[in-house]
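> show me the folded form of this:
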Amino acid sequence: MSRVGRNPVTIPKGVEVQLVGQILTVKSKAGEKRIDLPANIEAKIADGKIVLNPRISDQQGRTLWGTTRSLLQGTVRGLADPFKVSLEINGVGYRAAVDKNELALQLGYSHDVRFAIPQGITIQCEKPTLVHITGSDKQQVGQVAAKIRGYRKPEPYKGKGIRYVGEIVRHKEGKKK
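Model (predicted):
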């Protein structure tokens with residue numbers, strides 16, 4: 001059984017947390033997020049930490065206890081120091097560029113792939129083959145990165161495609177004569 005819920009969430013400097021009823025509001029200079037706590041979870045803020053406890057120690061209460069704590073930890077950490085995922089593009093003629101609120105990807109198709117950048121996410125292309133995705137919501141940053149990677153996954157024969165920085169793609173041997 002996991003004991004994630006028992007660990008308190010520390011509040012870093014520059015982040016302000018308020019509790020009104022079952023609503024936690026987390027503010028920083030990066031933005032503001034609201035978390036609605038489940039009915040069977042209670043929260044207390046003391047000594048720069050947020051402590052969560054289940055009101056009733058049944059199966060659902062204990063399950064939501066750890067889940068709520070993990071979501072709260074991600075929110076607090078993301079507002080203090082935004083999450084970042086980097087993608088690299090490999091392939092002849094493959095490149096990316098940011099146009100206003102869109103990411104334009106040239107991936108070997110007959111047309112450019114245009115990806116609308118969601119609110120709360122910033123995308124930067126320091127090189128045409130390197131894309132940095134930054135945001136305060138861990139789930140949203142990962143989802144955007146996965147969606148962009150899905151336009152042209154790395155293929156195992158030549159290694160062309162979009163991959164995470166540091167991702168290892170195992171190469172297969174091609175046809176033999």
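
> residues in contact with the residue nearest the centre of the chain?
Residue closest to the mean C-alpha point of the chain, counted by CA atoms, centre = their mean, is residue 138 at 2.6 Å. The contact partners of residue 138, by CB atoms under 8 Å, 6 or more residues apart in numbering, come to 74, 77-78, 83. Yep, even glycine has a C-beta here, placed from its N, CA and C like the rest.

> can you list the low-confidence ranges for the chain?
When residues are selected by pLDDT under 70, those of the chain lie in 1-2.

> residues contacting the longest helix along it, please?
In the chain, taking DSSP state H as the definition, the longest helix is helix 59-80. With contact meaning CB under 8 Å, 6+ apart, helix 59-80 is reached by 1-5, 7, 9, 11-15, 17, 24, 26-28, 30-33, 35, 37-38, 40-41, 50, 52-55, 135-139.

> now the buried members of those.
5, 9, 11, 15, 17, 24, 26, 28, 30, 33, 35, 37-38, 40-41, 50, 52, 54, 135-138 (16 or more other CB atoms under 10 Å).

> ok so, going back, ok, now how distant is the residue nearest to the centre of the chain from residue 82?
Using CB to CB, to the nearest Å, one gets 10 Å for the distance from residue 138 to residue 82.

> what's the answer for residue 76, then?
12 Å.

> neighbour count winner among the two?
residue 76 (22 against 18; other CB atoms under 10 Å).

> can you list phi and psi of residue 175 for me?
The phi/psi pair for residue 175 (degrees, to the nearest 10) reads phi -70, psi 140.

> and it, how many neighbours?
5.

> check contacts around residue 92.
Contacts of residue 92 (CB under 8 Å, 6+ apart): residue 160.

> three-state assignment of it?
The three-state label given to residue 92 by DSSP: H, G, I helix; E, B strand; the rest coil is coil.

> could you tell me the phi and psi values at it?
Torsion angles, degrees, to the nearest 10, at residue 92: phi -70, psi 120.

> could you check how far the nearest residue to the residue nearest to the centre of the chain once chain neighbours are set aside is from residue 32?
Once flanking residues are discounted, residue 138 sits nearest to residue 74: 4.5 Å by CB to CB, 6 or more residues apart in numbering. Distance from residue 74 to residue 32, counting by CB to CB: 15 Å.

> and what of residue 153?
36 Å.

> same check, this time on residue 47
Distance from residue 47 to residue 32, by CB to CB: 23 Å.
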